[in-house]
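# here is my input, please return the structure:
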Amino acid sequence: MRRFQFLPVGKSLSLIVVIFVCIVASLLLLNNLRSQILSAVRAYVSGEGFYSKGQKDAVNYLVRYARSHAEADYEQYVTAMAIPSGDREARIELDKPEPDMAVVYRGFIAAHNHPEDIDNMAKLFRHFRHVRYLSKAIDTWAQGDARVEQLRQLGNELHSSIVSGQSDPARIDRMLDQVSTLNEQLTDLEDEFSRTLGEGNRWLEHLLLQGTYAVTALLLVTGILVSWMILRQVRNADEALRRSEERYRSLVAITTSVIWTTDAAGKFAGPQLAWQAYTGQAWERHADDGWVNALHPDDRGHVRALWTLAVAEGTIFRAEGRIFHAGSSQYRYFVAHSVPLLNPDGSVREWIGTLTDIDERKRTEEALHQASREKDNFLAMLAHELRNPLSPLRSAVHVLRRRDSTDPHMQRVHEMIERQVGHMTRLLDDLLDVSRVARGKISLRTEVVDLAQLVRVTGEDYRAPLETAGLTFSITISDGPMWVLGDPTRLSQALGNLLHNAGKFTNPGDQILVTLTTAADGRTAVLRVRDTGIGIAPQSLNGIFETFSQADLKTERGHGGLGLGLALVKGLVELHDGTVTASSPGPGKGSAFTIQLPLQPAPAQLPPLGTTAPAKPTPRRVLVIDDNRDVGESLRYLLESDGHDVTVTYTGPAGVEAARRLRPEVVLCDIGLPGNMDGFQVAHVMRDDPILRCTYLIALTGYVHDEGQRRARIAGFDTYLIKPVDPIVLDRVLASLSTAS
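Reported below is the predicted structural model:
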């Protein structure tokens, strides 16, 4: 001690610290060696248990085999013998000057030793082979292995004699006597092995414990010396701590994570420098429950509740929220994680956690969500703007077909225009429906539906265009109804998309076959659409139901489309708790799409069949309100061709004024009218006017979403039609009005 006084304080402290570190390292190495040796000894003792059980199982199965001659008993004997045989293989290899560790691993693994113990077992064998207790144990092990080898030879001999059919009962009895003798000898050797290892383990623990005491004593003396030297540096400690805190604050300022610890009850155990640096809360403020005040007021309740629950149940804690950041003087988003550290008895000792700044990520996510919302709004607006020019086209071609019904050339032109308008409408519907399915915005109007009837009706709707394209179309349905719980419109849409898809990819002269059966389990309806068309390449099958997927872009036919139809089928079927799959033998060999839906019990009251054709609409006084003049005029021509008296206006106020003056029986009003009065407001005004209260109001819109339909109902509209208005659908609506009146 006096000698250190002649050295500078810093050098003296450094020298003592070096000595201290060396002693601690020695203690750690000694403890590590002790841990490895004791672990290996325990592994050998455990292995001896497997060895003993394997040997005894082998004897039992061999005796049973001698009596039963059952090959299964012999196989069980062979399996049991693999354990002592594996130990023998490992021991023989370890006795070599340069053992092959792969062989050692194989042997010990076969003997059911844990893979993580094998390294320590091999080291103990190699480095302490000649230590008294281990040497004696290994010699005992070798004697046991010799007996095991004799047992194996007896087993082989017994098996050979039985398999050959030349077994002699007297000879078998003699062999079983030998087996019994070997069993007793092995039992004695196994007991001796365990006893020797136990004595060696106690001797080794005593030796290592004495060494640990010696090093610990040296560590204690050094610790006292270090403490004395540290006390001489007390005056500099506060300054060093202050500088350390400043460095810590700087580190926290540039990092995104804060580490914190608490005691078992979850109250900080001491000052949290990282927390203090991040939030600016001193220890006096974040002690106990004060840390909650660093959170955003809106987040304090749920974060505290999650933390309280985690502490009470001893489970992993995770929470997101906003926390005050002292560096930027604003609340930033964070995610907190904490895990409990357990005592040997399973109780919580303490908690360690992290607080990770995810503000940039959250703001990026919000930006992405905003972009997604803007995308959805854009799609809705795009659909609206594209539907407006389609409306007059559809209405105009319908009128022209009536006037030019005798000219076959004009009929083909009309059919071509109608087909392309229908194609464009279908693309718009698929684009919007796929987006709504992906966002979970489609709500099903479920009822118990006869799937057999729905398939018949939908199939017949598609028969004419498919057969016109030169395809053979057939529908095969099992007898009787098949009841499923679903939305008839959406189920029909899913089947229609499959038929439309089959029609695109099947050449004239080929076939499209629709079958509906019940699965073998009796609980599932199986709807299959097969074709003999161009087929699907194997590499395309996996992604066939993905959005914008088009499996056949290199064929000579231009099929068009956006690759949305099958994605929509998948989404709609899964909304009905069903599945859809695709299969194909390959290009040129056709394809098949299979929908499976859960069946339901038959309803107590069967729904009406609805086979009566709709009546022809009675001529009405009709008012059309639409700011798109082409839409309005085309609807005028369409309705006038059916004998209706039609007036067209182009703004909300003009429409209300015309309605009060003309008192129309039916009003078709565009929802997206410009100015201060949109379609919803027009409906409100008319429903509040006693003169117009009973007028039948039909909403027209290019926006397809459930919210728009809900608002239309609330505003007072009687029904809701999507642009471009299908003349047949419009006729049905007006015909139903005629029937109702």
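
# quick one, domains of this structure?
The chain breaks down into these domains under automatic domain parsing: 2-227, 240-357, 371-436+617-741, 443-598.

# indicate which one of those is closest to residue 365.
Checking the domains of the chain against residue 365 by Cβ to Cβ gives domain 240-357 as the closest, at 9.5 Å. Using the backbone N, CA and C atoms, a C-beta is placed for each residue, glycine as well.

# once you drop chain neighbours, what's closest to residue 719?
Here the nearest residue to residue 719 in space, its sequence neighbours aside, is residue 698; by Cβ to Cβ, 6 or more residues apart in numbering that works out to 5.4 Å.

# confirm the one you found sits in a strand?
Yes - assignment of residue 698 by DSSP: H, G, I helix; E, B strand; the rest coil places it within a strand.

# please enumerate the helices of the stretch 601-741 of the chain.
Taking DSSP state H, counting those that start in this stretch to define them, one finds helices in the stretch 601-741 of the chain at 629-641, 652-662, 679-688, 706-715, 727-740.

# and stretch 468-478, end to end?
End-to-end distance of stretch 468-478: 27 Å, with Cα to Cα, to the nearest Å as the criterion.

# show me which residues of that stretch are buried.
Within stretch 468-478, the residues that qualify as buried by neighbour count (16 or more other Cβ atoms under 10 Å) are 471, 473, 475, 477.

# which strands or helices does the helix or strand harbouring residue 162 pack on?
When elements are defined using DSSP states H and E, residue 162 is found to belong to helix 132-164. The helices and strands touching helix 132-164, judged by 3 or more Cβ pairs under 8 Å, 6 or more residues apart in numbering; DSSP states H and E, are helix 9-68, helix 71-94, helix 118-127, helix 169-231.

# may I have the second one as PDB, with CA atoms only?
Okay, so that is helix 71-94. Listed in PDB are the C-alpha atoms of helix 71-94, where the atom choice follows Å, rounded to 0.1, in the frame of the first residue of the first chain:
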ATOM      1  CA  GLU A  71     -39.900 -59.600 -36.000                       C
ATOM      2  CA  ALA A  72     -41.300 -56.500 -34.400                       C
ATOM      3  CA  ASP A  73     -39.800 -57.500 -31.100                       C
ATOM      4  CA  TYR A  74     -36.400 -58.000 -32.700                       C
ATOM      5  CA  GLU A  75     -36.600 -54.600 -34.400                       C
ATOM      6  CA  GLN A  76     -37.300 -53.000 -30.900                       C
ATOM      7  CA  TYR A  77     -34.300 -54.900 -29.600                       C
ATOM      8  CA  VAL A  78     -32.100 -53.500 -32.400                       C
ATOM      9  CA  THR A  79     -33.500 -49.900 -31.700                       C
ATOM     10  CA  ALA A  80     -32.700 -50.200 -28.000                       C
ATOM     11  CA  MET A  81     -29.200 -51.600 -28.700                       C
ATOM     12  CA  ALA A  82     -28.400 -48.500 -30.800                       C
ATOM     13  CA  ILE A  83     -28.000 -46.500 -27.500                       C
ATOM     14  CA  PRO A  84     -25.200 -48.400 -25.800                       C
ATOM     15  CA  SER A  85     -23.700 -49.100 -29.300                       C
ATOM     16  CA  GLY A  86     -23.600 -45.400 -29.900                       C
ATOM     17  CA  ASP A  87     -21.800 -44.700 -26.600                       C
ATOM     18  CA  ARG A  88     -19.300 -47.500 -27.500                       C
ATOM     19  CA  GLU A  89     -18.600 -46.000 -30.900                       C
ATOM     20  CA  ALA A  90     -18.000 -42.500 -29.400                       C
ATOM     21  CA  ARG A  91     -15.700 -43.900 -26.600                       C
ATOM     22  CA  ILE A  92     -13.600 -46.000 -29.000                       C
ATOM     23  CA  GLU A  93     -13.100 -42.900 -31.300                       C
ATOM     24  CA  LEU A  94     -12.200 -40.600 -28.400                       C
END
